[in-house]
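Asker: my questions concern the predicted model and sequence given below.
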Amino acid sequence: MSSEQIDGQPIVAFNFNNMTGYEDGMVCRTMSEILNHGLWTRDSYSRMILLVLMIQIVSVVFVTRIVDFAFKPLGQPKFISDVIGGMIVGPSVLGRSKTFSQLMFPSDEKDFMVSVVSHLGIMYFIFLVGVKTDRNLLIKPSKSALGIGFLCWLIPYVIIVFTGSLLHSFIGGLGNGHLLLFLSASLSITYFPSVGHALEELDLLTSELGRISMSCSIINDAVGWCFMVLFIVLRQTSILGSFRAFILVMAFIVFTVYVVRPCILWIIEKTPEGRPVKQVYIIAILVGVLIYGLLSEMLGGAVTDGPLVLGLIIPEGSIISAALVEKTESFNTNILLPLFYMQYGLATDVFKIQDFKLLIGLQAILMVAYLSKFVGTILPSLHFNLSFLDANYLGLIMNIKGLPEMIIFIYWKRIDFRRRSFHYIGTNSPHRDVHCSAVYESLA
């Protein structure tokens, strides 16, 4: 723990697994920087933290709503509007204006408060996706879902690693060792929260194609979870540390399944039919989301892993799941999540792209990732007797990207994953938007 000063004001900074993404750890500010006496006093605008945060929230919500209104006649989903709105607020568009930049981000820390609040939105978004997911798709998957889900990860993974090795001279350090394997694994995984959110907007979640897509994406995502556990274990500096990390992760899952889940089922059983769930239970679960996010960070995982596990143990379609969605989803989706898109926009600056050789190399890998995922889904789908049309639809759906992928991009920047490469990888947004548009046009 260390003491520093900002604008002459003492602060206390400490590092706790860098949860917020703020590079110097977490910061405890003095009350004078949180509470101010109004604009008419001599208080510095840059130190009015709450005022700046409120301006940021209003601005990004306003911009994303305008973009959504403009794109609605084109049949575009809300996700695309939010991504574009976040990039408009960032340094690629409006952030180029010095006046706008000073108004929105008057201090040197820029996205510190945005990062903190947006992480709350991400946690509750992933939690709600878990709540609305049919757990049986993971517990009792069909043989076809197992085969398609695994092969549509394995095939693109091998192809991306091979392509990255061939393009070593284009992508520099990213083509070496564990960095290439990490990049390939991330691009090969289909995150079922992304698929579930897209299918919900298309009203296909309960259709036959929707259930197959969700089942395949859950199996595919489970492979990613295995990589996460392996990454946590191997990241330890000793065999004892690896063993301890593995035991803690397993204990976390066992406690959730055999202690927390029975409590959830007890709440459902004790709630009379036709009566609302008691407020104290709803609050306890929502606070539990924060606790689970904290625990998953402490165990070395992502802040979203714990909330997802908690959401998955809540029975889909139950009275308590309906109450959680009703009380949380609207505020979270329309107020908190836009701040994450702003953070993503702040982290992506197209004007910092100068090495076009690196740009071409990374974009080639991204395109290979899409195509290999598409082909790697169609081939096993045809083997398991899906029609050619459904196999093509499934190939498009398994390529859908969403918030989890954006979270990973932010994480790459946070751990200094070849920091300058982030802006190049961030240009994946147009690819993602065009692809999502194609999916929506095909299936809507």
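Answerer: Here it is on my side, so go on. Just so it is clear, the model here is predicted, and its values are computed rather than measured. Residues are numbered from 1 along each chain as shown.
Asker: tell me the mean pLDDT over the helix or strand residue 154 falls within?
Answerer: Here residue 154, judged by DSSP states H and E, is contained in helix 143-166. Taken as a whole, helix 143-166 has an average pLDDT of 90.
Asker: with only the CA atoms kept, save that helix in CSV.
Answerer: What follows is helix 143-166 as a C-alpha-only set of coordinates in CSV (Å, rounded to 0.1, in the frame of the first residue of the first chain):
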residue,chain,number,x,y,z
LYS,A,143,-24.3,-36.7,-29.2
SER,A,144,-24.6,-34.3,-32.2
ALA,A,145,-24.2,-31.3,-29.9
LEU,A,146,-21.1,-32.8,-28.3
GLY,A,147,-19.6,-33.6,-31.7
ILE,A,148,-20.4,-30.3,-33.4
GLY,A,149,-19.5,-28.3,-30.3
PHE,A,150,-16.1,-29.9,-29.9
LEU,A,151,-15.1,-30.1,-33.6
CYS,A,152,-16.2,-26.5,-34.3
TRP,A,153,-13.6,-25.5,-31.7
LEU,A,154,-10.8,-28.0,-32.6
ILE,A,155,-10.9,-27.4,-36.4
PRO,A,156,-10.5,-23.6,-36.3
TYR,A,157,-8.0,-23.8,-33.4
VAL,A,158,-5.6,-26.0,-35.4
ILE,A,159,-6.1,-23.9,-38.6
ILE,A,160,-5.5,-20.6,-36.7
VAL,A,161,-2.4,-21.8,-35.0
PHE,A,162,-1.1,-23.0,-38.4
THR,A,163,-2.0,-19.7,-40.1
GLY,A,164,-0.4,-17.7,-37.3
SER,A,165,2.8,-19.7,-37.7
LEU,A,166,2.9,-19.0,-41.4
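Asker: now do the buried residues in that helix.
Answerer: Across helix 143-166, burial judged by 16 or more other CB atoms under 10 Å covers 144-145, 147-153, 155-157, 159-161, 163-164. C-betas here are computed from N, CA, C, even on glycine.
Asker: cool, and stretch 55-68?
Answerer: For stretch 55-68, by 16+ other CB under 10 Å, it's 55, 56, 57, 59, 60, 61, 63, 64, 65, 67, 68.
Asker: ok, now which ones touch the third one?
Answerer: Contacts here follow CB atoms under 8 Å, 6 or more residues apart in numbering; on that basis residue 57 touches 117, 335, 338, 339.
Asker: ok now do the first one, which residues does it touch?
Answerer: Each residue near residue 117 by CB under 8 Å, 6+ apart is listed here: 53, 57, 336, 339.
Asker: how about a cut-off of 6 Å?
Answerer: Counting by CB atoms under 6 Å, 6 or more residues apart in numbering, residue 117 makes contact with residue 339.
Asker: within the helices and strands, which one has it?
Answerer: helix 112-131.
Asker: list of residues touching the strand or helix carrying residue 346?
Answerer: Using DSSP H and E, residue 346 sits in helix 337-347. The contact list for helix 337-347 (CB under 6 Å, 6+ apart) reads 60-61, 64, 82-83, 86-87, 89-90, 111, 114-115, 117-118, 121-122, 125, 406, 413.
Asker: could you point out which element follows it?
Answerer: Next element after helix 337-347 (DSSP H and E): helix 356-383.
Asker: torsion angles phi and psi at the closest residue to residue 222 other than its chain neighbours?
Answerer: Counting by CB to CB, 6 or more residues apart in numbering, residue 138 is the residue found nearest to residue 222 once chain neighbours are left out, at 7.1 Å. Backbone geometry at residue 138, expressed as degrees, to the nearest 10, gives phi -90, psi -40.
Asker: measure residue 138 to residue 218 for me?
Answerer: According to CB to CB, to the nearest Å, residue 138 and residue 218 sit 5 Å apart.
Asker: which one's more surrounded, those two?
Answerer: residue 218 (24 against 17; other CB atoms under 10 Å).
Asker: name the element that one belongs to?
Answerer: Using DSSP H and E, residue 218 falls in helix 208-234.
Asker: the next helix or strand after that helix versus helix 208-234: what angle between them?
Answerer: Using DSSP H and E, the helix or strand that follows helix 208-234 in sequence is helix 239-255. Relative orientation of helix 239-255 versus helix 208-234 (axes from the mean of the first three to the mean of the last three CA atoms, to 10 degrees): 150 degrees.
Asker: coming back round to it: from the buried residues of stretch 55-68, which single one is nearest residue 389?
Answerer: residue 68 (30.4 Å; CB to CB).
Asker: and the angle for the helix or strand harbouring the closest one with helix 337-347?
Answerer: Assessed by DSSP H and E, residue 68 sits inside helix 49-71. Relative orientation of helix 49-71 versus helix 337-347 (the same axes, to 10 degrees): 90 degrees.
Asker: so how far is helix 49-71 from its chain's centroid?
Answerer: 20 Å (CA atoms, centre = their mean, to the nearest Å).
Asker: could you give the average pLDDT over that helix?
Answerer: 88.
Asker: tell me which helix or strand comes right after that helix.
Answerer: helix 78-89.
Asker: report all helices and strands that the next helix-or-strand element following that next one contacts.
Answerer: If you walk from helix 78-89 toward the C-terminus, the next helix or strand you reach (DSSP H and E) is helix 98-104. Under the contact criterion of 3 or more CB pairs under 6 Å, 6 or more residues apart in numbering; DSSP states H and E, helix 98-104 touches no helix or strand at all.
Asker: how far off centre is helix 98-104?
Answerer: With CA atoms, centre = their mean, you get 27 Å for helix 98-104.
Asker: next one: stretch 181-201
Answerer: 9 Å.
Asker: contacts for stretch 211-229?
Answerer: By CB under 6 Å, 6+ apart, the list of residues contacting stretch 211-229 reads 137-138, 141, 145-146, 148-149, 153, 185, 189-192, 195, 249, 301, 397.
Asker: what's the closest non-adjacent residue to residue 332?
Answerer: In space, residue 332 is closest to residue 124, 4.6 Å off (CB to CB, 6+ apart).
Asker: tally of neighbours for that neighbour?
Answerer: 25.
Asker: tell me where the model's unsure across the stretch 151-300 of the chain.
Answerer: For the stretch 151-300 of the chain, applying pLDDT under 70 flags the ranges 170-178, 228-229, 231-237.
Asker: state the distance from the residue lying closest to residue 66 once chain neighbours are set aside to residue 329.
Answerer: In space, residue 66 comes closest to residue 85 once its chain neighbours are excluded; the distance is 7.6 Å by CB to CB, 6+ apart. To residue 329, residue 85 is 19 Å away according to CB to CB.
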